[in-house]
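Asker: Generate a structure from the sequence data that follows.
(2 chains)
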Protein chains: 2
Amino acid sequence: MTGTLFGLGIGPGDPDLITLKALKRLQSAPVLAYPALEDGDSLARAIVSPHLTARKIEIAIRIPMTIERAPAQAAYDLAAADIGGHLEKGEDVAVLCEGDPFFYGSFMYLFGRIAEKYKVEVIPGVSSLTACATSLQSPLSARNDILTVLPAPLPSEILRERLLETDSAAIMKVGRHFARVRDVIFDLGLEGNARYIERATMENERILPLADVPEDAAPYFSMILIHKRGQAWK
Amino acid sequence: MTGTLFGLGIGPGDPDLITLKALKRLQSAPVLAYPALEDGDSLARAIVSPHLTARKIEIAIRIPMTIERAPAQAAYDLAAADIGGHLEKGEDVAVLCEGDPFFYGSFMYLFGRIAEKYKVEVIPGVSSLTACATSLQSPLSARNDILTVLPAPLPSEILRERLLETDSAAIMKVGRHFARVRDVIFDLGLEGNARYIERATMENERILPLADVPEDAAPYFSMILIHKRGQAWK
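Answerer: Take a look at the predicted model:
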């Protein structure tokens, strides 16, 4: 009997936004894996740390922060081999995933490497998308609204076209693209309908008017929500 | 001191997909409100029923199932007045929201009526969007993918245009629109990239190949996910 790989959505940052289902798997799995920086720091592990009640075998998946894909691919290959070793021994492995595992999550790279050979169960989590909307007290979408999720690194022309054609938009991973994205929003006259938030539900969450966000200071975990009716329920 | 209205995202159906944060508010609020059919049946209340440990005052918000908006608006007016009465007495009120309160949720109609006068706290939940993806073992989006959420009642021509321009799509609330939506997908040659699911994470969850879904049998809680690369992580 081989073990099962559990991909746990642990939510956007507030430790209490984990689900009961993910919490049970977190506490029962003997092996815990999570993405980490090259120095070993892991936001995902920090989020669940209040819930860790027993010592576990821990696997930090150290992802090199480079533009090239090969080093990250090599890190996932290594992690998949390490995790596979535990699964072969019949040990379940829980992998921590910030937000939801399948919504722009790095878990899918492990999933792609492991699901053909071992049993994998994925537990959905609260995504940053809905966490940002609730922190902003700004409903995302209602009735027959089209909602478009746009990663900020996309070219400005693509952002502009897609913003023109949607009722509601979430621009994710704003970070160092902030000034360019803000300019697109102002050019379209949508600044009155846009709301900016950083690190939703974390202790250092911050909400700012779009015009007041300092250039070059938006973190990776920042998002801009836009609804063309201003308030989705109108 | 007036009470606080808590909008609780209770997740997509599996009672264990509620968050710790929503569970605490569910158990501490003396008044519980939830959407219900005209005969009083409530899916939201059924989802949380395993977690209800004490008697509460309950408010069933009976939403008439009509195309016109006025009767539903009148039901929300009535519920807002009833809830406001409890908030005035200093009692907290928890409103149950299937999935996430601000992702195509009816909670926003109460929010729009109450937030200007009383304190409102919204707790995000696992949405049907990510629940369907995890049940299908099919990642929604990766890297710089554009993800478009499309309500199935939209005209076929709009669905077609938006499907042409996105990397990934979730077509929600398929229900009685199934045959028309399926035809759009086949016309675009996307049937090999489309996955169908009903009632994700509920006991009667069902996954079917698109070609095998009987016409006129898709429930309201059905979704079709499409990713143009087939697998998001490729």
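
Asker: isn't A:Ser138 right up against B:Phe102?
Answerer: Yes - at 7.3 Å, A:Ser138 and B:Phe102 qualify as touching, with contact defined as C-beta atoms under 8 Å. In this view, the C-beta of every residue, glycine as well, is placed from N, C-alpha and C.

Asker: which residues do the two both contact?
Answerer: A:Ala232 (C-beta atoms under 8 Å, 6 or more residues apart in numbering or on different chains).

Asker: Have a look at the two and say which one is more surrounded.
Answerer: Between A:Ser138 and B:Phe102, counted using other C-beta atoms under 10 Å in any protein chain shown, the more crowded position is B:Phe102 (32 against 22).

Asker: from what I can see the more buried one touches A:Thr130, true?
Answerer: Yes - contact criterion C-beta under 8 Å: B:Phe102 and A:Thr130 qualify, at 6.2 Å.

Asker: which residues do those two both contact?
Answerer: In contact with both B:Phe102 and A:Thr130: A:Leu140, B:Pro124, using C-beta under 8 Å, 6+ apart.

Asker: What segments of chain A are strands?
Answerer: A:4-9, A:31-36, A:57-62, A:93-97, A:119-123, A:147-151, A:168-172, A:194-198, A:206-208, A:222-227 (DSSP state E).

Asker: now the residue positioned nearest the centre of chain A: how far from chain B?
Answerer: Nearest to the mean C-alpha position of chain A, counting by C-alpha atoms, centre = their mean, stands A:Gly99 at 4.5 Å. With the distance defined as C-beta to the nearest C-beta, to the nearest Å, A:Gly99 ends up 9 Å from chain B.

Asker: and if you look at A:Pro209?
Answerer: 19 Å.

Asker: tell me the contacts of the closest residue to that residue other than its chain neighbours?
Answerer: In space, and not counting its chain neighbours, A:Pro209 is closest to A:Tyr196: 7.3 Å by C-beta to C-beta, 6 or more residues apart in numbering or on different chains. Applying C-beta under 8 Å, 6+ apart to A:Tyr196 gives the contacts A:Val174, A:Ile207, A:Leu208, A:Pro209, A:Leu210, A:Val213, A:Ala218, A:Ser222, A:Met223, A:Ile224.

Asker: Among the residues you listed, which one sits closest to B:Ile18?
Answerer: Closest approach to B:Ile18 among the contacts of A:Tyr196 (C-beta to C-beta): A:Met223, at 24.0 Å.

Asker: Enumerate every residue touching the closest one.
Answerer: A:Ser128, A:Leu129, A:Cys132, A:Ala170, A:Ile171, A:Met172, A:Lys173, A:Val174, A:Tyr196, A:Ile197, A:Ala200.

Asker: Which members of these are the farthest-apart pair?
Answerer: So, those by C-beta to C-beta: farthest apart are A:Leu129 and A:Tyr196, at 14.7 Å.

Asker: unless I'm mixing things up, A:Met172 is touching A:Leu154, no?
Answerer: No - counting by C-beta under 8 Å, A:Met172 does not reach A:Leu154; the two are 10.2 Å apart.

Asker: okay, those two: which has more neighbours?
Answerer: More crowded of A:Met172 and A:Leu154, by other C-beta under 10 Å: A:Met172, with 26 against 18.

Asker: measure that one to A:Leu159 for me?
Answerer: The spacing between A:Met172 and A:Leu159, counted by C-beta to C-beta, to the nearest Å, is 12 Å.

Asker: likewise A:Leu190?
Answerer: 11 Å.

Asker: more neighbours, these two?
Answerer: Taking neighbours as other C-beta under 10 Å, A:Leu190 and A:Leu159 compare with A:Leu159 leading, 24 against 18.

Asker: Check whether the more buried one really touches A:Ile171, as I assumed.
Answerer: Yes - A:Leu159 is in contact with A:Ile171 according to C-beta under 8 Å; the separation is 7.2 Å.

Asker: which residues do the two both contact?
Answerer: A:Leu150, A:Ala152, A:Val181.

Asker: Output the strands of chain A as JSON lines; include the columns distance to B:Gly90 and mean pLDDT.
Answerer: JSON lines is the format used below for these (distance: least, C-beta to C-beta, whole Å; pLDDT from 0 to 100):
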{"stretch": "strand A:4-9", "distance to B:Gly90": "36", "mean pLDDT": "98"}
{"stretch": "strand A:31-36", "distance to B:Gly90": "43", "mean pLDDT": "97"}
{"stretch": "strand A:57-62", "distance to B:Gly90": "46", "mean pLDDT": "96"}
{"stretch": "strand A:93-97", "distance to B:Gly90": "40", "mean pLDDT": "98"}
{"stretch": "strand A:119-123", "distance to B:Gly90": "37", "mean pLDDT": "98"}
{"stretch": "strand A:147-151", "distance to B:Gly90": "37", "mean pLDDT": "98"}
{"stretch": "strand A:168-172", "distance to B:Gly90": "36", "mean pLDDT": "98"}
{"stretch": "strand A:194-198", "distance to B:Gly90": "31", "mean pLDDT": "97"}
{"stretch": "strand A:206-208", "distance to B:Gly90": "28", "mean pLDDT": "96"}
{"stretch": "strand A:222-227", "distance to B:Gly90": "33", "mean pLDDT": "98"}
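
Asker: Export those to CSV and append columns for distance to B:Lys119.
Answerer: Shown next, in CSV, are the strands of chain A (distance: least, C-beta to C-beta, whole Å):
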stretch, distance to B:Lys119
strand A:4-9, 29
strand A:31-36, 36
strand A:57-62, 41
strand A:93-97, 32
strand A:119-123, 32
strand A:147-151, 27
strand A:168-172, 26
strand A:194-198, 20
strand A:206-208, 17
strand A:222-227, 22
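
Asker: Can you tell me which of these is nearest to B:Ala142?
Answerer: Among these, strand A:147-151 comes nearest to B:Ala142, with 9.6 Å by C-beta to C-beta.

Asker: So A:Ile10 is in contact with A:Ile123, correct?
Answerer: No - counting by C-beta under 8 Å, A:Ile10 does not reach A:Ile123; the two are 9.2 Å apart.

Asker: Overlap in contacts, the two.
Answerer: Common neighbours of A:Ile10 and A:Ile123 (C-beta under 8 Å, 6+ apart) are A:Ala22.

Asker: List of residues touching stretch A:58-70?
Answerer: A:31-38, A:40, A:42, A:45, A:71-72, A:75-76, A:79, A:82-83, A:93, A:106, A:110.

Asker: to the chain's geometric centre, what's the distance from that stretch?
Answerer: 16 Å (C-alpha atoms, centre = their mean, to the nearest Å).

Asker: Many thanks, we can stop here.
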